[in-house]
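[1] With the input below, show me the fold.
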Amino acid sequence: MTEDQEGILNKMKLLADRLGGNFELHDAANRRGTVDEIIKQLEKKKATQLIIGHSARTRRQEILEGSVVERLLRKVRHLDILVVAD
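    Residues are numbered from 1 along each chain as shown. Down below sits the predicted model:
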């Protein structure tokens, strides 16, 4: 992880703490694994809300690689999801 990436993560952790939330970082092998891991953690914690960032990507990238946010919106039910643009 680069120094810039570590700085961004630290800022996110501080913001989550300041707002009374939790910051968690989980590893996943690919985008599909990311969605499955997020859903697994949401179910484990019996979450009712999720705030997630949506990266700026081209339409071509989304078509070729898929979108974590789009997959989550399709798969998850009975959960409030707030999508924040970067």
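
[2] show me where the protein has helices.
    3-18, 31-45, 59-65, 68-75 (DSSP state H).

[3] quick one, which of those is nearest to Glu24?
    Among the helices of the chain, helix 31-45 comes nearest to Glu24, with 7.0 Å by C-beta to C-beta. For glycine as for every other residue, the C-beta is placed from the backbone atoms N, C-alpha and C.

[4] Point out the other elements, helices or strands, that the closest one touches.
    Helices and strands touching helix 31-45, by 3 or more C-beta pairs under 8 Å, 6 or more residues apart in numbering; DSSP states H and E, are strand 49-54, helix 68-75.

[5] Against which helices or strands is the shortest one packed?
    This means strand 49-54. Partner elements for strand 49-54 (3+ C-beta pairs under 8 Å, 6+ apart): helix 31-45, helix 68-75, strand 80-85.

[6] now those in JSON lines, with mean neighbour count?
    Shown next, in JSON lines, are those (neighbours: other C-beta atoms under 10 Å):
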{"stretch": "helix 31-45", "mean neighbour count": "14"}
{"stretch": "helix 68-75", "mean neighbour count": "15"}
{"stretch": "strand 80-85", "mean neighbour count": "10"}
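
[7] wait, which of these is closest to Gly53?
    Closest approach to Gly53 among the helices and strands packed on strand 49-54 is made by strand 80-85 (5.1 Å; C-beta to C-beta).

[8] quick one: average pLDDT of that closest one?
    Averaged over strand 80-85, pLDDT sits at 88.

[9] What lies in contact with stretch 53-60?
    65, 67, 69, 83-86 (C-beta atoms under 8 Å, 6 or more residues apart in numbering).

[10] Report the separation between the residue positioned nearest the centre of the chain and Ser67.
    Among the residues of the chain, the one closest to the centroid is Ile52, at 4.4 Å (C-alpha atoms, centre = their mean). Noted for Ile52: a distance of 11 Å to Ser67, by C-beta to C-beta, to the nearest Å.
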